[in-house]
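**Q** Whatever this is, show me its structure:
(one chain, ligands or ions: 1)
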Amino acid sequence: MSAPITIIGAGLGGLTLARVLHVHGIPATVYEAEPSPTARTQGGMLDIHEHNGQPALAAAGLLEQFRDLVLEGREATRVLAPDGTVLLDEPDDGTGTRPEVQRGDLRRLLLDSLPEGTVRWGHKVTGVRAVEPGRHEVSFADGSTVRTGLLVGADGAWSRVRSLLSEATPEYVGTTFVETYLFDADTRHPAAAKAVGDGALLAPVPGKSIQAHRESGGTLHAYVALAAPQEWFAEIDLPDPAAATERIAREFHGWAPELTALITDSDTTPALRPLFALPIEHRWQRVAGVTLLGDAAHLSPPNGEGANLALFDAAELGRALAEHPEDRETALGAYEQALFTRSAAEALEAAADFQRCFGENTPDSLLDLLTGAGRTA
Ligand SMILES: Cc1cc2nc3c(=O)[nH]c(=O)nc-3n(C[C@H](O)[C@H](O)[C@H](O)COP(=O)(O)OP(=O)(O)OC[C@H]3O[C@@H](n4cnc5c(N)ncnc54)[C@H](O)[C@@H]3O)c2cc1C
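**A** Got it, this is the predicted structure:
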């Protein structure tokens with residue numbers, strides 16, 4: 001049982017699996033396409049849930065360290081109408097159960113918890129193939145290869161490993177997020193900072209929304225959602241940030257300036273984040289020696305669960321492998337049966353949440369989702 005497990009992808013899922021295996025004394029190697037841990041900013045706030053993300057971090061033995069990363073007050077939520085009218089204003093009174101952390105901080109915690117050399121940076125997988133029953137060969141962009149008796153695809157939405165198990169490919173869900181950042185906002189962008197408040201802001205109408213979160217250091221991180229074909233976004237002149245933000249802001253003509261400032265005052269070139277999803281019932285027949293976790297297995301429209309599910313999948317897979325040290329196939333079979341049931345339910349929920357946030361009944365459906373009681377103000 002000493003042959004290292006091969007994990008593709010050093011996102012939250014792959015790193016959590018490596019850590020949980022390490023806790024159980026099972027060696028693993030993680031191959032990651034990015035050249036270094038700091039190659040890409042790991043933006044975004046994540047709320048880590050009591051029923052999936054937090055138990056996973058407990059399984060990784062990192063719950064206490066995680067708590068040190070939590071940004072106080074960030075569970076506050078505001079919902080605004082396009083004219084700036086406040087529809088919901090829920091302060092963070094300290095009783096919330098969804099502590100917020102910066103994704104980069106959580107990833108760093110996981111990385112630092114692994115033995116030196118566990119992650120091989122700059123290893124972009126270009127191909128995978130079966131070499132004999134239960135054994136697979138992974139090819140990397142630099143021409144190198146590894147062979148393994150247990151391959152785990154934690155390589156996200158566009159997983160290469162997935163091709164060993166399934167022909168499914170993610171489909172565009174019809175909405176793209178435009179990502180912007182406003183730095184030092186209380187001083188430099190006070191109206192937008194006030195609109196966002198201490199935590200999250202959502203200002204939706206059917207098919208479009210301005211959403212933002214207050215990160216550490218007075219940074220406002222916004223996702224502007226627009227339902228439009230990918231071709232529409234392809235015509236935006238992204239290399240010219242002023243033209244690009246002006247084009248996006250035109251879709252929000254007449255909205256309150258403190259909201260549109262989250263587009264027009266961006267301190268970064270706006271980035272397009274088209275949203276994709278795998279089929280809701282995505283599953284596969286058991287193939288010896290390989291499995292998937294996280295987005296590679298069940299990519300869904302974002303509803304605040306994706307990272308939590310990746311953490312949970314990883315903890316569950318690590319637990320199953322630790323429980324069956326002599327029989328990895330039994331471990332993978334048990335893991336996948338539970339994964340398929342859980343993922344189908346979560347994917348349905350994600351699709352429904354997406355409708356509640358951006359569909360024809362928003363903002364009422366969003367307010368129902370947030371309060372369980374409909375419009376409260
Ligand atoms: C705009 C947006 C906002 C979101 N907000 C939230 C949120 O608030 N809360 C939440 O819980 N979830 C959120 N999600 C979802 C969440 O980001 C994902 O579900 C989560 O990151 C999945 O983790 P993962 O480890 O499976 O995959 P990833 O985080 O995608 O990690 C995959 C890793 O594999 C690497 N990789 C990919 N291809 C290769 C290759 N060929 N070779 C080697 N390495 C490779 C990548 O570089 C990456 O490091 C959001 C998603 C989006 C798009």
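**Q** From here on, just use CA atoms for contacts and neighbour counts.
**A** OK.
**Q** which bits of the stretch 201-350 of the chain sit near the ligand?
**A** By C-alpha under 6 Å from any ligand atom, the part of the stretch 201-350 of the chain that sits against the ligand consists of R273, G294, D295, A296, P302, G304, E305, G306, A307, N308, A310.
**Q** Give the buried residues for the helix or strand hosting the last one.
**A** When secondary structure is defined using DSSP states H and E, the element that contains A310 is helix 306-323. Along helix 306-323, these residues count as buried under the neighbour rule (16 or more other C-alpha atoms under 10 Å): 306-322.
**Q** can you confirm A10 is in a helix?
**A** No: A10 is assigned coil when assessed by DSSP: H, G, I helix; E, B strand; the rest coil, not a helix.
**Q** what sits against it?
**A** V30, Y31, E32, V119, A154, D155 (C-alpha atoms under 8 Å, 6 or more residues apart in numbering).
**Q** which SS class is V224?
**A** Classification of V224 using three-state DSSP returns strand.
**Q** Okay, and the beta partners of it?
**A** Beta-bridge pairing for V224 (DSSP bridges): V178, I210.
**Q** so the lengthiest helix in the chain versus helix 306-323, what angle?
**A** Longest helix of the chain, by residue count under DSSP state H: helix 328-358. Put simply, helix 328-358 runs at 170 degrees to helix 306-323, going by axes from the mean of the first three to the mean of the last three C-alpha atoms, to 10 degrees.
**Q** which helices and strands does helix 328-358 pack with?
**A** For helix 328-358, the packing partners by 3 or more C-alpha pairs under 8 Å, 6 or more residues apart in numbering; DSSP states H and E come out as strand 200-205, helix 306-323, helix 364-371.
**Q** what stretches of the stretch 201-350 of the chain score poorly on pLDDT?
**A** For the stretch 201-350 of the chain, no stretch is flagged by pLDDT under 70.
**Q** does the residue lying closest to T145 once chain neighbours are set aside have beta-bridge partners, and which?
**A** The shortest distance from T145 to any non-neighbouring residue, by C-alpha to C-alpha, 6 or more residues apart in numbering, is to S139 (4.4 Å). Beta-bridge pairing for S139 (DSSP bridges): G127, T145.
**Q** right, and S139 touches V125 too?
**A** Yes: judged on C-alpha atoms under 8 Å, S139 makes contact with V125 at a distance of 5.7 Å.
**Q** Looking at these two, which has the bigger crowd around it?
**A** Of the pair S139 and V125, V125 is the one with more neighbours under other C-alpha atoms under 10 Å, namely 23 against 18.
**Q** Next, count neighbours for the closest residue to the more buried one other than its chain neighbours.
**A** Of all residues not flanking V125 in the chain, F140 sits nearest, at 4.4 Å (C-alpha to C-alpha, 6+ apart). The burial count assigned to F140 is 18, neighbours taken as other C-alpha under 10 Å.
**Q** Which pLDDT does the model give F140?
**A** At F140, the pLDDT value in this model is 98.
**Q** hang on, the earlier thing: which secondary structure elements does the helix holding A310 sit against?
**A** Packing partners of helix 306-323 (3+ C-alpha pairs under 8 Å, 6+ apart): helix 12-23, helix 53-59, helix 328-358.
**Q** Specify the beta-bridge partners of V101.
**A** L46.
**Q** do R214 as well
**A** Where R214 sits in a bridge, its partners, by DSSP bridges, are L220.
**Q** In contact with it: list those residues for me.
**A** R74, V196, G197, D198, G199, A200, L220, H221.
**Q** try G197
**A** So G197 contacts A76, T77, R78, R214 (C-alpha under 8 Å, 6+ apart).
**Q** State the distance from the residue sitting furthest away from the middle of the chain to the ligand.
**A** Distance from the centre of the chain peaks at E132, with 34.0 Å (C-alpha atoms, centre = their mean). Per C-alpha to the nearest ligand atom, to the nearest Å, E132 is found 22 Å from the ligand.
**Q** How about L150?
**A** From L150 over to the ligand (counting by C-alpha to the nearest ligand atom), the distance is 16 Å.
**Q** doesn't G289 make contact with that residue?
**A** Yes: with contact defined as C-alpha under 8 Å, L150 counts as touching G289 (4.5 Å).
**Q** Look up the residues that both of the two are in contact with.
**A** With C-alpha under 8 Å, 6+ apart as the test, L150 and G289 both reach G134, R135, H136.
**Q** Within reach of the ligand, which of the residues you listed are there?
**A** Subset of those in contact with the ligand: empty, counting by C-alpha under 6 Å from any ligand atom.
**Q** Mind checking which of these are in strands?
**A** Of the shared contacts of L150 and G289, the ones assigned to strands by DSSP state E are R135, H136.
**Q** The ligand: which of the shared contacts of L150 and G289 is nearest?
**A** The closest of those to the ligand turns out to be H136 (C-alpha to the nearest ligand atom; 15.0 Å).
**Q** Ramachandran angles for the closest residue to that closest one other than its chain neighbours?
**A** Nearest residue to H136, sequence neighbours excluded (C-alpha to C-alpha, 6+ apart): A130, at 4.4 Å. Backbone torsions of A130, given as degrees, to the nearest 10, read phi -80, psi 140.
**Q** thought A130 was touching E137?
**A** Yes: A130 is within contact range of E137, at 6.3 Å (criterion: C-alpha under 8 Å).
**Q** now what about the helix holding A310, what contacts it?
**A** The contact list for helix 306-323, computed with C-alpha under 8 Å, 6+ apart, reads 12-14, 16-18, 20-21, 24, 26, 46, 48-49, 52-53, 55-57, 59-60, 293-295, 299-300, 328, 331-332, 334-335, 339.
**Q** Show me how the record splits this protein into domains.
**A** The chain is divided into the following domains under automatic domain parsing: 5-71+100-170+278-356, 171-275.
**Q** could you dump those domains to JSON lines with distance to V86?
**A** Converted to JSON lines, those look like this (distance: least, C-alpha to C-alpha, whole Å):
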{"stretch": "domain 5-71+100-170+278-356", "distance to V86": "18"}
{"stretch": "domain 171-275", "distance to V86": "9"}
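**Q** Alright, I will stop here.
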